[in-house]
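> Turn this into a model:
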Amino acid sequence: MDKIQYFTPAQLKEMTNNNRQEFALLFQKLKKKKPKNLDAIVHQLHQEAFDEFDCLDCANCCSHISPIIIDKDAERLAKSQKMKPADFIDSYLYKDEDNDYVFQQTPCPFLMADNYCCVYENRPRACREYPHTDRSRFYQILNLTKKNCEICPVVFALVKELTKLDW
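Numbering: from 1, shown residues only. Coordinates of the predicted model:
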């Protein structure tokens, strides 16, 4: 995989749009075939990418999208802020159109100026797992991966690399 560069979400959205047909064809093939080696290939690309790319140089995810906050996340974050869960929810969260709790604002209220997370040890599960490129059954999250191409330079580069393979 080529060295991954930082791009803004606006740049990534344009780049994803420019690769729309190529990506759509890839995702269509992967959904249809569900290759047995897909996870192994994606995990290898994930590892190579994150051996070189430092999320602290980017923080697009923290500054442009909000993770889904499950009840356990809200409880853990509330405790870390010395708040009652209900007060934490009232202060920081709202229910989105899918009826999921998300942060009321972006950038994330816990993102610091140096791109560090001040609740890193207690961050939500969705943050811990982002960008989801090291999970099992990758073919199940192809729609999410497509969206994440517009936010995360690693996801864009990984998908671009997948288009080079013969499926």
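> Mind jotting down where the helices sit in the protein?
9-18, 20-33, 38-52, 60-64, 71-80, 85-92, 125-129, 142-148, 153-163 (DSSP state H).
> could you check the distance from the spatially closest residue to residue 144 that is not a sequence neighbour over to residue 118?
Using C-beta to C-beta, 6 or more residues apart in numbering and skipping the chain neighbours, the partner closest in space to residue 144 is residue 132 (6.4 Å). Where you see a C-beta, it was placed from the backbone N, CA and C, and this is true even at glycine. Shown here: residue 132 relative to residue 118, a distance of 23 Å by C-beta to C-beta, to the nearest Å.
> Neighbour count for the two, which is higher?
residue 132 (17 against 14; other C-beta atoms under 10 Å).
> Look up phi and psi at the more buried one.
phi 70, psi 10 (degrees, to the nearest 10).
> Please report the distance of it from residue 31.
From residue 132 to residue 31 the distance is 16 Å (C-beta to C-beta).
> same deal with residue 109?
Taking C-beta to C-beta, one finds residue 109 at 36 Å from residue 31.
> Now do stretch 42-52, average pLDDT.
The average pLDDT for stretch 42-52 rounds to 97.
> Give the buried residues for it.
Under the neighbour-count criterion of 16 or more other C-beta atoms under 10 Å, stretch 42-52 has 42, 45-46, 48-49 buried.
> just checking, residue 111 touches residue 119?
No - using C-beta atoms under 8 Å, residue 111 is not in contact with residue 119; the gap is 9.7 Å.
> Which residues are in contact with the residue nearest to residue 144?
The contact partners of residue 132, by C-beta atoms under 8 Å, 6 or more residues apart in numbering, come to 141, 144-145, 148.
> show me what contacts the residue sitting nearest the centre point of the chain?
Nearest to the geometric centre of the chain sits residue 131, at 3.1 Å (C-alpha atoms, centre = their mean). Residues near residue 131 by C-beta under 8 Å, 6+ apart: 61, 148, 151-152, 154-155.
> And these, which is closest to residue 54?
residue 154 (10.5 Å; C-beta to C-beta).
> Alright, that wraps it up for me.
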